[in-house]
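**Student:** the following comprises the amino acid sequence and a computationally predicted model.
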Amino acid sequence: MVPGGAQRRGDPPSRPVRTLRVKMVLLGSSAVGKSSLALRFSKDEFRSTSPTVGCAYLTRVVHLSDVTLRFEIWDTAGQERYHSVTPLYYRGAHAALLVYDISNRESFIRAQVWLKELEKQHIPGSTVVWLVGNKGDLAQDRRVSVQEGQVLATERGLSFTETSAMSGDQVVELLLAIELCDSAHRVYEGVGAQQEVLSEWRETPLVDLCRTHTFTPAASCCRVGP
Amino acid sequence: MRSVKTTEQSRLSGIMSQRTERRGIHVDQSDLLCKKGCGYYGNAAWQGLCSKCWREEYQRVRQKQIQDDWALAEKLQREEEAAYASSHGAQTQSHAQSTAPHSVHVSLGPFSKFEEKKTNEKTRKVTTVKKFFSPSSRTAPKKETQEGKSSSPSISRHASFDTDQVSKDFVDFLKNLQKPGREIHKQCRAFIVNMSSKKDLSADELSECVQDFYQNMSDRLMGHFKGSSDSVEQVMDQVEKYIMSRLYKSVFCPETSDDENKDLVTQNRIRALHWVTIQMLCVSMDEEIPEVSENVVKAITDIIEMDSKRVPRDKLGCITRCSKHIFSAIRITMNEPASADDFLPALIYIVLKANPPRLQSNIQYITRFCNPSRLMTGEDGYYFTNLCCAAAFIEKLDAQSLNLSPEEFDRYMSGQASPRFNSSEGDWPHAGSAPDVTATNPVLAQLNHNLELLSGLSSKQERLMEAAQSLQADLLSWPESVQREVHGILEKYPLEIQSCTASAIDANNTDNDNLPPPLTPQVFAG
């Protein structure tokens, strides 16, 4: 009925723009600078000056030669008490950044706990895990040496970087590295990149995100009573 | 004839009701008679009508329903035809072919409606019983398939106003897609028909069916749009909206799942956790600030509203709006954008405060029937994941997660203590022993004040009782004393009956002397 609508809706873009969504999860204890890092990624700012209400979910669009990557950055709650529910966040993630604070030994130890948890869920090859030592600007208060981080990363087969969200040092490099890594994994590998990502969605089991105990049809039978 | 009967009845029942009222059971006259006022007795089974009125009424309603159904069927048919015609003017031949079976369905609709309700009930009963005996109930629907197909248009026409609106929107949307639009519409309809015959599947199987459909549809669309994922998503959103608003009733919290029990468990759990304070969760929101509390209220409203939406995406929309309000509240409090460290506790707090209806069912429904790309990625997906986390956290919440000792936690959970007044010694303060506590806590002060008032009242009542008893004693002794007095007087002045002497009428009239002398006739000369 509306003639204008046909134009707007049904007009397929002439050039095939492939937009790939990359889900990137930030893990780590609280106060290691996850949010600042996320802010750097998406806006190249340290303290948000724009009227963003929250920086828990941020996006960044990166244009590569033949593909557009849309990074979706999922920040997670780092407090220990929420540890048990965090697996819900990194289900289906393409990249996970494991962040610790180089001036805080505790956060490095916690990072290893996170890593163990992550490895339980992690399907090798599906998620790129990156160990990130943040707050590189606090080198004078360093409690975790570069070597320690490097050793941990090599042991577990992770990539490793030290960054500073405050100065912005290495942050862009990290993002680019993830892009390349991610691209290597997803974009240039398959025949149709989009299909591949879609099929990945399909593969993700459709079990509910939130159930703690598994549901069996038999159990429901027992429920039905007079 | 009737009028006589009524008056008789009313008199009779008047007596009856008087009697019954005395016994303390009140049966109103109007409860017994036909609601139409014809004077015959009504029957609860006929909605309070007598047999004759009930037959008339029932016929009328049925007639109206049939007419309504016809009107609706015609309307839908016209819409569909219009949609096809406009989107597909050229291929009228095949159009006529394809709509022919539709119109048959539609016209079948009104008549099969009653039948369908009955079979619905029947099959439900049968299958629940069957479940006890047969390991798989999947064999049951086979014989039903035929029925299911013919009755499905009437299912889809359970048809409140919004479902009509949804299908209208859907048709409008598909018009713009030209040929594939028609194809999509056909597929969706076929799928809904197909689903309506699968009522006995478990929730997970239902979910699988819907997800397979989404997958096939999006694969085909992907081929058609040559990889433009935005267009595909747009169409898929509409498809989801159309399908899920139709299937909602049968697949939301289905009987085959234990969602309902989980809802109850969660609801009770949240109720039991009413004592959790904003400080225990370390939420950085200051509700003293009016803007913050406004946002908190809005967030609570949004999360409660989720239950009223039918389409998974609309439900997600509610969650997202709720989350945005929480972010605003945190931002106002802290003066900087909230991170996930602040957000999750705040969301948990909001969920605890709101106790959203059927939380688990809604989460399950979204998980099962939402387009998966919306859940794994995207902003909606992020907030939904957070809500799942909040629900899981509340389920597992223990002393440690609130930084409490297990004893304290148990005391709060059992209601023996409240964290509001003191956390170190959990016992109730004995009366008078804790003036400092009452000074700090307005609720306790109020409580003590009320207790004082109550004790004052009870002492007043006692006094009143005493007074009443003495009054009673006085009243009892009063007639006695009066009697005594009367007796005394009677003894003192015994009654003497004097002989009564007859006298002239005017004998007692002492004033006679004062009267002027009677007039005497006088004779005047001349």
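**Tutor:** On my side now, so go ahead.
**Student:** break chain B down into its structural domains.
**Tutor:** As assigned by automatic domain parsing, chain B contains the domains B:66-87+B:97-115+B:148-251, B:259-414.
**Student:** out of those domains, the one nearest chain A is which?
**Tutor:** The minimum distance between chain A and the domains of chain B falls on domain B:259-414, with 3.4 Å, by CB to the nearest CB. (C-beta placed from N, C-alpha, C; glycine too.)
**Student:** how far does the closest one stretch from one end to the other?
**Tutor:** 26 Å (CA to CA, to the nearest Å).
**Student:** report the rounded mean pLDDT for that domain.
**Tutor:** Domain B:259-414 shows a mean pLDDT of 90.
**Student:** same check, this time on stretch A:82-91
**Tutor:** Across stretch A:82-91, the average pLDDT comes to 86.
**Student:** same question for stretch A:109-121.
**Tutor:** Per-region confidence: stretch A:109-121 scores 86 on mean pLDDT.
**Student:** list the buried residues for stretch B:337-357?
**Tutor:** B:337-356 (16 or more other CB atoms under 10 Å in any protein chain shown).
**Student:** pick the most deeply packed of the domains of chain B.
**Tutor:** Across those, averaging neighbours per residue (mean count of other CB atoms under 10 Å in any protein chain shown) puts domain B:259-414 on top, at a mean of 20.
**Student:** list the contacts for A:Glu179?
**Tutor:** A:62, A:64, A:69 (CB atoms under 8 Å, 6 or more residues apart in numbering or on different chains).
**Student:** would you say it is within a helix?
**Tutor:** Yes - the assignment for A:Glu179 by DSSP: H, G, I helix; E, B strand; the rest coil puts it in a helix.
**Student:** filter the contacts of A:Glu179 down to the buried ones, PyMOL style.
**Tutor:** To isolate the buried members of these in PyMOL, using 16+ other CB under 10 Å:
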select buried, chain A and resi 62+69
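**Student:** any idea which of the contacts of A:Glu179 is least confident?
**Tutor:** A:Leu64 (76).
**Student:** in CSV: the domains of chain B, plus distance to A:Gly133.
**Tutor:** Formatted as CSV, those follow (distance: least, CB to CB, whole Å):
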stretch, distance to A:Gly133
domain B:66-87+B:97-115+B:148-251, 36
domain B:259-414, 19
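**Student:** chain A: helices as residue ranges?
**Tutor:** Ranges of helices within chain A are A:3-10, A:34-43, A:87-90, A:105-121, A:146-156, A:171-186, A:193-203, A:217-223, based on DSSP state H.
**Student:** re earlier: any chance of the domains of chain B in JSON lines, with distance to chain A too?
**Tutor:** Shown next, in JSON lines, are the domains of chain B (distance: least, CB to the nearest CB, whole Å):
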{"stretch": "domain B:66-87+B:97-115+B:148-251", "distance to chain A": "4"}
{"stretch": "domain B:259-414", "distance to chain A": "3"}
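**Student:** if we compare the ones you listed, which one ends up closest to A:Gly157?
**Tutor:** Evaluated with CB to CB, the domains of chain B place domain B:259-414 nearest to A:Gly157, the distance being 24.3 Å.
**Student:** neighbours around A:Ile178, how many?
**Tutor:** A:Ile178: 23 surrounding residues under other CB atoms under 10 Å in any protein chain shown.
**Student:** find the nearest non-adjacent residue to it, please.
**Tutor:** Closest residue in space to A:Ile178, ignoring its immediate chain neighbours: A:Ala95 at 5.5 Å, by CB to CB, 6 or more residues apart in numbering or on different chains.
**Student:** any idea how far the one you found is from A:Thr68?
**Tutor:** To A:Thr68, A:Ala95 is 17 Å away according to CB to CB, to the nearest Å.
**Student:** who has more neighbours, these two?
**Tutor:** Taking other CB under 10 Å, A:Ala95 and A:Thr68 do not tie; A:Ala95 has more neighbours (22 against 13).
**Student:** what is the more buried one paired to in the beta sheet?
**Tutor:** Beta-bridge pairing for A:Ala95 (DSSP bridges): A:Met24, A:Val128.
**Student:** what pLDDT is listed against it?
**Tutor:** The pLDDT attached to A:Ala95 in the predicted structure is 86.
**Student:** what about B:Asp474, which helix or strand?
**Tutor:** Assigned by DSSP states H and E, B:Asp474 belongs to helix B:442-492.
**Student:** and that helix, what does it pack onto?
**Tutor:** Counting contacts by 3 or more CB pairs under 8 Å, 6 or more residues apart in numbering or on different chains; DSSP states H and E, helix B:442-492 packs against helix B:435-440.
**Student:** quick one: low-confidence ranges for chain A?
**Tutor:** Within chain A, the ranges that satisfy pLDDT under 70 run A:1-17, A:47-53, A:122-125, A:181-226.
**Student:** B:Gln187 contacts B:Leu221, doesn't it?
**Tutor:** No - using CB atoms under 8 Å, B:Gln187 is not in contact with B:Leu221; the gap is 10.7 Å.
**Student:** element containing B:Cys209, please.
**Tutor:** Assessed by DSSP H and E, B:Cys209 sits inside helix B:203-225.
**Student:** against which helices or strands is that helix packed?
**Tutor:** helix A:193-203, helix B:178-196, helix B:229-251, helix B:359-369.
**Student:** who's in contact with A:Ser103?
**Tutor:** A:135, A:138, A:141-144.
**Student:** who wins for most neighbours among those residues?
**Tutor:** Neighbour tally across the contacts of A:Ser103 (other CB under 10 Å): the maximum, 26 neighbours, falls on A:Lys135.
**Student:** how much space separates it from A:Ile102?
**Tutor:** Distance, A:Lys135 to A:Ile102, by CB to CB: 6 Å.
**Student:** again, but for B:Pro517
**Tutor:** Here B:Pro517 is placed at a distance of 145 Å from A:Ile102 (CB to CB).
**Student:** export the helices and strands packed on helix B:203-225 to JSON lines and append columns for distance to B:Asp302.
**Tutor:** Below are the helices and strands packed on helix B:203-225 laid out as JSON lines (distance: least, CB to CB, whole Å):
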{"stretch": "helix A:193-203", "distance to B:Asp302": "27"}
{"stretch": "helix B:178-196", "distance to B:Asp302": "29"}
{"stretch": "helix B:229-251", "distance to B:Asp302": "19"}
{"stretch": "helix B:359-369", "distance to B:Asp302": "13"}
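**Student:** between those helices, which gets nearest to A:Pro87?
**Tutor:** That would be helix B:359-369 among the helices and strands packed on helix B:203-225, by CB to CB, at 14.9 Å.
**Student:** now what about that closest one, what contacts it?
**Tutor:** Residues from elsewhere that reach helix B:359-369 (CB under 8 Å, 6+ apart): A:206, A:208-210, B:203-204, B:206-207, B:210-211, B:240, B:244, B:247, B:251-253, B:257, B:259-260, B:262-263, B:265-267, B:306-307, B:312, B:315-316, B:351, B:356, B:375, B:384, B:387-388, B:391.
**Student:** just the CA trace of it, in CSV.
**Tutor:** Output in CSV follows, covering the C-alpha atoms of helix B:359-369 (Å, rounded to 0.1, in the frame of the first residue of the first chain):
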residue,chain,number,x,y,z
LEU,B,359,10.9,-15.0,35.3
GLN,B,360,12.2,-18.4,34.5
SER,B,361,9.5,-19.1,32.0
ASN,B,362,10.3,-15.9,30.2
ILE,B,363,14.0,-16.7,30.2
GLN,B,364,13.3,-20.1,28.9
TYR,B,365,10.9,-18.9,26.3
ILE,B,366,13.4,-16.3,25.0
THR,B,367,16.2,-18.9,25.0
ARG,B,368,14.1,-21.4,23.1
PHE,B,369,12.3,-19.3,20.6
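**Student:** for whatever helix or strand comes next after it, name the packing helices and strands.
**Tutor:** Per DSSP H and E, the first helix or strand lying C-terminal to helix B:359-369 is helix B:372-376. Packing partners of helix B:372-376 (3+ CB pairs under 8 Å, 6+ apart): helix A:193-203, helix B:312-334, helix B:378-396.
**Student:** list the contacts for B:Ser167?
**Tutor:** Going by CB under 8 Å, 6+ apart, B:Ser167 touches B:76, B:79, B:156, B:242, B:246.
**Student:** report the two of those residues separated the most.
**Tutor:** Farthest pair in the contacts of B:Ser167, by CB to CB: B:Glu79 and B:Arg246, 15.2 Å.
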